[in-house]
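In: structure here, sequence nowhere to be found:
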């Protein structure tokens, strides 16, 4: 398990009692986000505007976590990170109101920006990816749903309104067939805001219209 904090440290926890087995000064400012890939690669996002990629040396199965790459493109604090379902794409959301799309590159850069998702009018506070849908929550009190089109470009499918304060947290999971009316692609989304309210959304992307059906 990994944790990050405003103390600028990335901590690794393990063992039967979940003790801290490694602590790394990972950034020059508060760390706001962390996401871990299935292969153990760790991504951290910070108020220092940077994303850092961490992992163990490829030649060592055991050993300390080391820095693999530093990703720099955001113009303000990075608040949120998410990986695509196949983990080939990293999404990062920041106070600059943008969501950057990072994809792997076989070079020293590790990942490069291949797109930017814009539409929110205030800071991006949270991100989550489920199946082929990306959800973003913002200080503008909305949730946006994004998907990648046939030509590789991302577009916003819809905007979910209803929160009265900034949306700070998102949790989502594929819905069972009964919940999505027997349709494929159903997602149940939970969005939490600063006023303590949690909203539950049922989302099904219609294959005929290409748009989401929301309840």
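Out: Received the coordinates, thanks. Computed from a prediction, not measured in an experiment: that's the story for all the values here.

In: contacts only, for the most centrally placed residue in the chain.
Out: What sits nearest the mean C-alpha location of the chain, by CA atoms, centre = their mean, is residue 82, with 2.1 Å. Residue 82 makes contact with 35, 90-91, 127-129, 134, according to CB atoms under 8 Å, 6 or more residues apart in numbering. In short, each C-beta sits where N, CA and C put it, glycine included.

In: how about these in TSV, adding pLDDT?
Out: Shown next, in TSV, are those (pLDDT from 0 to 100):
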residue	pLDDT
35	98
90	98
91	98
127	98
128	97
129	96
134	96
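
In: mark which of those residues are part of strands, please.
Out: If you go by DSSP state E, the contacts of residue 82 have 35, 90-91, 127-129, 134 in strands.

In: how about a markdown table for these, with distance to residue 121 and neighbour count added?
Out: Shown next, in a markdown table, are these (distance: CB to CB, whole Å; neighbours: other CB atoms under 10 Å):
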| residue | distance to residue 121 | neighbour count |
| --- | --- | --- |
| 35 | 25 | 22 |
| 90 | 24 | 26 |
| 91 | 19 | 24 |
| 127 | 17 | 24 |
| 128 | 20 | 24 |
| 129 | 22 | 21 |
| 134 | 18 | 26 |
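
In: one step back: got the contacts of residue 82 as CSV, with distance to residue 165 columns?
Out: Output for the contacts of residue 82, formatted as CSV (distance: CB to CB, whole Å):
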residue, distance to residue 165
35, 25
90, 28
91, 23
127, 18
128, 19
129, 24
134, 22
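
In: neighbours around the nearest residue to residue 97 once chain neighbours are set aside, how many?
Out: Closest residue to residue 97 apart from its sequence neighbours, by CB to CB, 6 or more residues apart in numbering: residue 120 at 5.3 Å. Residues near residue 120, counting by other CB atoms under 10 Å, number 24.

In: how is the chain partitioned into domains?
Out: 1-118, 126-215 (automatic domain parsing).

In: which one of those domains has the lowest average pLDDT?
Out: Comparing mean pLDDT over the domains of the chain, the weakest stretch is domain 126-215, at a mean of 85.

In: and that one, how far from the chain's centre?
Out: Between the centre of domain 126-215 and the centre of its chain there are 13 Å (CA atoms, centre = their mean, to the nearest Å).

In: please apply the same query to stretch 19-38.
Out: 15 Å.

In: for it, buried residues please.
Out: 24, 26-27, 31-35 (16 or more other CB atoms under 10 Å).

In: do the same with stretch 103-111
Out: Under the neighbour-count criterion of 16+ other CB under 10 Å, stretch 103-111 has 110-111 buried.

In: please apply the same query to stretch 68-76.
Out: Buried-residue list, stretch 68-76, by 16+ other CB under 10 Å: 68, 71, 73-74.

In: ok so, going back, can I get the buried residues of stretch 19-38 in CSV including distance to residue 147?
Out: Listed next are the buried residues of stretch 19-38 as CSV, based on distance: CB to CB, whole Å:
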residue, distance to residue 147
24, 35
26, 32
27, 31
31, 29
32, 25
33, 22
34, 25
35, 20
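
In: specify which member of the contacts of residue 82 is nearest to residue 116.
Out: Set against residue 116, the nearest of the contacts of residue 82 by CB to CB is residue 91 (10.5 Å).
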